[in-house]
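Asks: pasting the structure only:
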Ligand SMILES: Nc1ncnc2c1ncn2[C@@H]1O[C@H](COP(=O)(O)OP(=O)(O)OP(=O)(O)O)[C@@H](O)[C@H]1O
C-alpha cells in the first residue's frame, strides 16, 4: 500500500492547558481521495484542521502525537517551513470566504498575490487566475477579477476562494465547512463544483463538515469526531450503512433535512452508551 499523503497519529491538542480539544486522534488522507471529517460543534474538527495547516492559535499546544505529510513529520517544524508547506503543498478553503480575502484589493490582485511563490510575470499570473476563475464557474472571469470581494455574492466569493486554493496546485486541499455559510441553492452549486473538481484534481481533499449530505455527495471515506476523539473511520458506504459508534448512529438517525440547517439539532449520546462502546472498541 502506498504511503498516505497525510497521516495523523495519536494527536492530542489542548487550549490554555486545560481544554483538551483533540485526543489521540488518528486520520489519513491518500492522494486522489476525498475524506470527510464530521462531528458536532466543539468536537475538535477545526482544531485538527488548523494543526495540519500550522494555524493553531498560540494558546494551544500539541501535547503528543504527530502529523506526517508525504512521509515527513511536520509537527514541530518552524514557522517558515510550515508557511512554505502551506503555500506550496497544502491549501485551505474556509467557511466564510470574506475572511479569505482582503476587502481593499480586487479579486484579481489577490489571486496574483496567492501565486507569489510561483514562477511567471504578473500578467501570466493574472491570466492563470482568470483561467482558474473560469474553471470554478465564475461567469465573465476577466470582469470579476477586477471586482472587490464585497461586489460578489457569497457563492461567487466561495468559488473565488476555491480558485485561490487551487492556483498553487496543492497536493492537499482542506475545506473547513465550505458550504455552511451559504444558502441551500449555493450550497448545492458548491457541492457540484467540488464533484467536478474531483474528476481532474489528483491531490487529496479533506472536507471538514457537520453536514452528512456533503460527505455522502463528495467523500470516499469519513472520520467521525466526538468530544475530541476520532471515534470511527472508514468507507462512507460502510460507515453510513453499518455505523459502529453510538454517536454516528444517532447522527445518521437524524432527519437529514434537519442536518442541513445550521441551527440543526445534533444528537447527544449518553455516557453509558459511549462507555459501552469504548469498552468494546479497538480504536
Ligand atoms: N481558541 C480557543 N481557546 C480555547 N478553547 C478553544 C479555542 N478554540 C476552540 N476551543 C475549544 O476546543 C474544543 C474544540 O473546538 P473546535 O472549534 O475545534 O471544534 P469544531 O468541531 O471545529 O466546532 P465548530 O464546528 O463549532 O467549529 C471546544 O471545546 C472549543 O470550545
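Replies: Yes, it's here. Quick caveat: nothing in here was measured; it's all calculated off a predicted structure.
Asks: three-state assignment of the residue of the stretch 51-200 of the chain found nearest the ligand?
Replies: Nearest residue of the stretch 51-200 of the chain to the ligand: residue 57, at 4.7 Å (CB to the nearest ligand atom). Heads up, the C-betas are built off the backbone N, CA and C, glycines and all. Taking DSSP: H, G, I helix; E, B strand; the rest coil as the rule, one finds residue 57 in the coil state.
Asks: my guess is residue 187 contacts residue 179. True?
Replies: Yes. With contact defined as CB atoms under 8 Å, residue 187 reaches residue 179; the gap is 4.1 Å.
Asks: neighbour-wise, which of those two wins?
Replies: Using other CB atoms under 10 Å, the more surrounded residue of residue 187 and residue 179 is residue 179, with 24 against 20.
Asks: enumerate every residue touching the more buried one.
Replies: Contact analysis of residue 179 by CB atoms under 8 Å, 6 or more residues apart in numbering lists 158, 186, 187, 190, 191, 209, 211, 214.
Asks: neighbours of the fourth one, just the number please.
Replies: Put plainly, it is residue 190. Neighbourhood size, residue 190 [other CB under 10 Å]: 24.
Asks: so how far is residue 244 from it?
Replies: Computed with CB to CB, to the nearest Å, the distance linking residue 190 and residue 244 is 30 Å.
Asks: tell me the SS of residue 147?
Replies: coil.
Asks: how about it: what's its closest non-neighbour residue?
Replies: Nearest in space to residue 147, with sequence neighbours left out and distances taken as CB to CB, 6 or more residues apart in numbering, is residue 107 at 5.7 Å.
Asks: over to residue 104?
Replies: Nearest one to residue 104, counting by CB to CB, 6+ apart, is residue 148 at 7.4 Å.
Asks: now do residue 133
Replies: Leaving aside its sequence neighbours, residue 133 sits nearest to residue 141 (CB to CB, 6+ apart; 3.6 Å).
Asks: look up how far residue 147 lies from that neighbour.
Replies: Separation of residue 141 from residue 147 (CB to CB) stands at 10 Å.
Asks: with residue 53 instead?
Replies: As for residue 53, its distance to residue 147 is 27 Å (criterion: CB to CB).
Asks: could you do residue 48 as well?
Replies: 34 Å.
Asks: between those two, tell me which one has more neighbours.
Replies: A direct count of neighbours by other CB under 10 Å for residue 48 and residue 147 places residue 48 higher, at 27 against 17.
Asks: got the residues of this protein near the ligand?
Replies: Contacts of the chain with the ligand, taken as CB under 6 Å from any ligand atom, map to 15-16, 19, 21, 39, 41-47, 57, 59, 210.
Asks: flag the least confident of those.
Replies: Least confident of these in the model: residue 19, at 78.
Asks: which residues sit in contact with it?
Replies: Contacts of residue 19 (CB under 8 Å, 6+ apart): none.
Asks: cutoff 10 Å now
Replies: 13, 42, 44, 47, 59, 60, 228 (CB atoms under 10 Å, 6 or more residues apart in numbering).
Asks: and the second one, helix, strand or coil?
Replies: Read it as residue 42. Secondary structure assignment for residue 42 (three-state DSSP): coil.
Asks: and it, how many neighbours?
Replies: By other CB under 10 Å, the burial measure for residue 42, its neighbour count, is 13.
Asks: isn't it up against residue 21?
Replies: Yes. Residue 42 is in contact with residue 21 according to CB atoms under 10 Å; the separation is 8.4 Å.
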